[in-house]
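Visitor: The following block contains a protein sequence and its predicted model.
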Amino acid sequence: MLSTMQDVPLTVTRLLRHGSTIHSSSHVTTWTGDGAPQHRSYGEIGERAAQLARALREDLGVEGDQRVATLMWNNAEHVEAYYAVPCMGAVLHTLNLRLPAEQLAWIVNHAADRVVLVNGSLIPLLAPLLPHLASVEHIVVSGPGDRTPLADAAVPVHEYEELIAGKPTSYDWPELDENTAAAMCYTSGTTGDPKGVVYSHRSIYLHSMQVNMAQSMGLTDHDTTLVVVPQFHVNAWGLPHAVFMTGVNMLMPDRFLQPEPLAEMIESVRPTHAAAVPTIWQGLLAELTAKPRDISSLTQVTIGGAACPPSLMEAYDKLGVQVCHAWGMTETSPLGTIARPPADANEEEELGYRLTQGRFPAGVEPRLTGPDGEVLPWDGESAGELEVRGPWIAGAYYGGAAGEDFRPADKFSEDGWLKTGDVGTISPDGYLTLTDRAKDVIKSGGEWISSMDLENVLMAHPDVAEAAVVAVPDDRWGERPLATVVLREGASTDFATLRAFLAEKIAKWQLPERWAIIPAVPKTSVGKFDKKVIRRQYAEGELDVEQVKPQQ
């Protein structure tokens, strides 16, 4: 027996039509740095997306599911590309502007990008790559920036505004299969070549619904969200798609991502919500401490990409800003969990729930597996590798020129679950607590030490700005923790004091004996701690490591 329901495809086009009509007065505000932010309504975004689609099809010859890449900051033009490209049937490929040049070139060639949309300020990054980009046939430049480096480009260079000028503001959007590709992102490639993840229209639509649920980000058209998380990083956590479903306004920071302009735009534009990785919020907190601003409009922030130190969460609580922890990855679109406490939690219990990575929604099915592949119980104690599956979870990586998609055994189980590489526990009521990345767990004398636990306690010390802990070889125990610490300006604490501070909350056998001061924790292209760099620096003797003996 079949249902009597209509079979209507879930596509990005439906999000565009809904947002640009029902919520046509909602708007994108792009920060310009000159005190005059640019405002563009969703209605105008819809019209300009239609003009861009026409230009790509009629003037630049983009056909079928060819890839159109963006090398852009978070701004209104990037939002227009988010809709124009997939709605016309092509595939949007957001390029991570923080990747090394050789990785960027590899990614463009692997995806076979035909057109690159680039912000003018990023031309110095793109221009040297052009001779190595075999598939690129057109460059489209948007916004201010010196065009001179593109003067000798071997492919045509177009101005965004000139390209779309005079084009009709409507487009006969094709009716697409919801399972066709809409967008793609590549993993940051911290080990091996980056891997392509291709999102379908259906997965984006369903993920947008989850983002908008009350127990998720729960935003409405009364809200303005400051989207600091880059649009090249897992579709800015799905926000540019989700807001067209509900009419939430967007504040886009463009290239102004430093703490001072972020504080200024919060005070000026008055967003109610924001989303970014912990390092952004640490920098903003330091700015607000040094130069207080009125950020009272901001009532909640979503933190993901890395674990939020409890000290950071508590500091924002004091400012009246509630931090909501989330977990996800490129392969999960990215929303995997979000830490809303359950209804029956009392005030004391709430903080404990907020410090977890969060609860799994109905669209994400989790399981924990042990070293031998056995499925572990949800008892809040049994730690194993997290595996997930669901309608917005990747089932393979893009094969590119090699042909078919591929499913490496270290990334996908034999029965199709995504292996996240995260180690943690799940409580009986479905809350995830991560204890480490599988590759970062310190295996000492047959026991596991969580580097995240050590880092979180260290970063609660008033003299510590950042801390990263890695496993290093040890003759007796196999591995032991090395604590690398970034001190706050003017701080003068010593390692023995920090070790004693750790001992108040960490078992003595887990305390590091090796310590080093570093100027800054190395970061990946998306702001996560890049621990492989610290491990390499230690192995090559580049760190000034001090041994701190346990007190008797």
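Guide: The structure has been received and is ready for your questions. Residues are numbered from 1 along each chain as shown.
Visitor: CA only for contacts and neighbour counts going forward, please
Guide: Fine.
Visitor: For the stretch 251-400 of the chain, just list every one of the strands.
Guide: Using DSSP state E, counting those that start in this stretch, the strands of the stretch 251-400 of the chain run over residues 273-276, 300-303, 322-328, 335-338, 358-359, 365-369, 375-376, 384-389.
Visitor: Redo those as a markdown table? Include mean neighbour count.
Guide: Output for these, formatted as a markdown table (neighbours: other CA atoms under 10 Å):
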| stretch | mean neighbour count |
| --- | --- |
| strand 273-276 | 22 |
| strand 300-303 | 22 |
| strand 322-328 | 24 |
| strand 335-338 | 26 |
| strand 358-359 | 26 |
| strand 365-369 | 19 |
| strand 375-376 | 16 |
| strand 384-389 | 22 |
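Visitor: so which of those comes closest to L125?
Guide: strand 273-276 (23.6 Å; CA to CA).
Visitor: just checking, what packs against the closest one?
Guide: Under the contact criterion of 3 or more CA pairs under 8 Å, 6 or more residues apart in numbering; DSSP states H and E, strand 273-276 touches strand 224-227, strand 300-303.
Visitor: got those as a markdown table, with distance to L60 and mean pLDDT columns?
Guide: Below are the helices and strands packed on strand 273-276 laid out as a markdown table (distance: least, CA to CA, whole Å; pLDDT from 0 to 100):
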| stretch | distance to L60 | mean pLDDT |
| --- | --- | --- |
| strand 224-227 | 30 | 98 |
| strand 300-303 | 39 | 96 |
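Visitor: would you list those in a markdown table and tack on distance to D372?
Guide: Shown next, in a markdown table, are the helices and strands packed on strand 273-276 (distance: least, CA to CA, whole Å):
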| stretch | distance to D372 |
| --- | --- |
| strand 224-227 | 41 |
| strand 300-303 | 33 |
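Visitor: which SSE is S208 in?
Guide: helix 201-212 (DSSP states H and E).
Visitor: for that helix, which positions count as buried?
Guide: Residues of helix 201-212 classed as buried by neighbour count (16 or more other CA atoms under 10 Å): 201-212.
Visitor: Enumerate every residue touching the residue positioned nearest the centre of the chain.
Guide: By CA atoms, centre = their mean, the chain has its centre lying nearest to H233, at 4.6 Å. By CA atoms under 8 Å, 6 or more residues apart in numbering, H233 lies in contact with 94, 96, 185, 330, 526.
Visitor: from the buried residues of helix 201-212, which is closest to H241?
Guide: S208 (6.2 Å).
Visitor: Need the residues that contact the helix holding S208.
Guide: 9-12, 15, 177-182, 216-220, 238-239, 241-242, 245-246, 333, 335, 361, 363, 391-392.
Visitor: And Q322, how far from S297?
Guide: Separation of Q322 from S297 (CA to CA, to the nearest Å): 12 Å.
Visitor: V457 now?
Guide: Per CA to CA, V457 is found 30 Å from S297.
Visitor: can you check V155 too?
Guide: V155 is 47 Å from S297, by CA to CA.
Visitor: These two - which one has more neighbours?
Guide: S297 (18 against 13; other CA atoms under 10 Å).
Visitor: where does the stretch 451-552 of the chain dip in pLDDT?
Guide: Applying pLDDT under 70 to the stretch 451-552 of the chain flags the ranges 550-552.
Visitor: Helices of that one, residue ranges please.
Guide: Using DSSP state H, counting those that start in this stretch, the helices of the stretch 451-552 of the chain run over 451-458, 495-503, 531-539.
Visitor: what helices or strands is the last one leaning on?
Guide: Under the contact criterion of 3+ CA pairs under 8 Å, 6+ apart, the helices and strands touching helix 531-539 comprise strand 464-474.
Visitor: Would you mind getting the angle between the strand it packs on and helix 495-503?
Guide: 90 degrees (axes from the mean of the first three to the mean of the last three CA atoms, to 10 degrees).
Visitor: So which residues make contact with strand 464-474?
Guide: 440-443, 451-452, 454-455, 458-459, 479-488, 491, 520-521, 529, 531, 534-535, 538.
Visitor: Appreciated, that's everything.
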